[in-house]
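Novice: sequence first, then the predicted structure, then my questions.
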Amino acid sequence: MATSLHSLNSTLFKSLASSSNKSSSSLSPSPVFRLNPTSTAFIFKPLTSSSSAIIIRASASSSKSGESHTRETFHGLCFVLKDNIDTDQIIPAEYGTLIPSIPEDREKLGSFALNGLPKFYGERFVVPGEMKSKYSVIIGGDNFGCGSSREHAPVCLGAAGAKAVVAESYARIFFRNCVATGEIFPLESEVRICDECKTGDVVTVEHKEDGSSLLINHTTRKEYKLKPLGDAGPVIDAGGIFAYARKAGMIPSASSA
């Protein structure tokens, strides 16, 4: 069943956010796409054959803790899908034996991302023979990520080089797997963007001051407001639930374990 981000924000990882409120002032509840205008460090990563996104990083320090953190805004090509994209289409079950923690297997997972799409889509997300996709933003319709609960689905998209999915709504388990793995940002649109964008359009996903995010289609010259990620934002920003818990001091760091 599809779910709205609004229905998840009040409960998703609520215990994590509340328990770390005092111990980690650097974990902001705001969404993860942010370009801080007061930052002193900006890094531009140009398009290459292995990475389709231009990633603009802005480093800043927390005034209370002095701890630095990074927010990102993404610019690249979009890959447009419609409704009810299930996990078998995202990553066919036959590739479930690949282990994401093994670098070689993770790379293979990326090469098979969206390999199960119906042929009428025509364009392939990852060109046969390549390991990475040239598309950095996936635009979908309603109920994105429905089907089985395999966490390989968000992992393969992240391994292929995708940075965000922008859809009308998400299957609850896919949304939670995105947050838990920290692989990809599941952003929710306020309108049906998938009917107004085409595969290959040049887009930017950026953070806005009111806490929302914005998708800008430079090809059509249209802008779309996206809903805030709420409590899920800092978890994905940290790199997943375990990385978030370590950063918040809830579990030992990898170095001290």
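Specialist: It's in.
Novice: confidence-wise, which helix or strand of the protein is lowest on average?
Specialist: When each helix and strand of the chain is scored by mean pLDDT, DSSP states H and E, strand 41-45 comes last, with a mean of 32.
Novice: right, and residue 96 touches residue 152 too?
Specialist: Yes: using CB atoms under 8 Å, residue 96 is in contact with residue 152, at 6.0 Å. All C-beta spots, glycine's among them, are computed from the backbone N, C-alpha and C.
Novice: who's more crowded, these two?
Specialist: residue 152 (26 against 13; other CB atoms under 10 Å).
Novice: dump the residue contacts of the residue lying closest to the more buried one once chain neighbours are set aside.
Specialist: Excluding the flanking residues, the one nearest residue 152 by CB to CB, 6 or more residues apart in numbering is residue 91, at 4.9 Å. Applying CB atoms under 8 Å, 6 or more residues apart in numbering to residue 91 gives the contacts 109, 112-116, 150, 152-153, 156.
Novice: any idea how far residue 182 is from residue 91?
Specialist: 17 Å (CB to CB, to the nearest Å).
Novice: likewise for residue 176?
Specialist: Distance of residue 176 to residue 182, given as CB to CB: 12 Å.
Novice: so residue 205 sits in a strand?
Specialist: Yes: Residue 205: assigned to a strand according to DSSP: H, G, I helix; E, B strand; the rest coil.
Novice: partners of it in the sheet?
Specialist: residue 74, residue 215 (DSSP bridges).
Novice: my guess is it contacts residue 214. True?
Specialist: Yes: judged on CB under 8 Å, residue 205 makes contact with residue 214 at a distance of 7.3 Å.
Novice: what's the overlap in contacts for the two?
Specialist: In contact with both residue 205 and residue 214: residue 226, using CB under 8 Å, 6+ apart.
Novice: so between the two, which is more surrounded?
Specialist: Taking residue 205 and residue 214 together and counting by other CB under 10 Å, residue 205 has the greater number of neighbours (25 against 17).
Novice: the strand or helix carrying residue 165 packs against which elements?
Specialist: Residue 165 is located in strand 164-167, with elements delineated by DSSP states H and E. If you count contacts as 3 or more CB pairs under 8 Å, 6 or more residues apart in numbering; DSSP states H and E, strand 164-167 packs onto strand 135-139, strand 185-188.
Novice: for it, which strands pair with it and how are they oriented?
Specialist: strand 135-139 (parallel), strand 185-188 (parallel).
Novice: what's the average pLDDT for the longest one?
Specialist: Regarding strand 135-139, the rounded mean pLDDT is 97.
Novice: would you mind identifying the next helix or strand past that strand?
Specialist: On the C-terminal side of strand 135-139, the nearest following helix or strand under DSSP H and E is helix 152-159.
Novice: restricting to C-alpha, output that next one in CSV.
Specialist: Output of helix 152-159 as CSV, limited to C-alpha atoms (Å, rounded to 0.1, in the frame of the first residue of the first chain):
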residue,chain,number,x,y,z
HIS,A,152,18.4,-4.6,-2.4
ALA,A,153,15.9,-2.2,-4.1
PRO,A,154,17.2,1.2,-2.7
VAL,A,155,20.8,-0.3,-2.5
CYS,A,156,20.9,-1.0,-6.3
LEU,A,157,19.6,2.5,-7.1
GLY,A,158,22.3,4.1,-5.0
ALA,A,159,25.0,1.7,-6.3
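Novice: show me what contacts the residue nearest to residue 222 when sequence neighbours are not counted?
Specialist: Distances taken as CB to CB, 6+ apart place residue 196 nearest to residue 222, at 6.6 Å, with adjacent residues excluded. By CB under 8 Å, 6+ apart, residue 196 lies in contact with 217, 220, 222.
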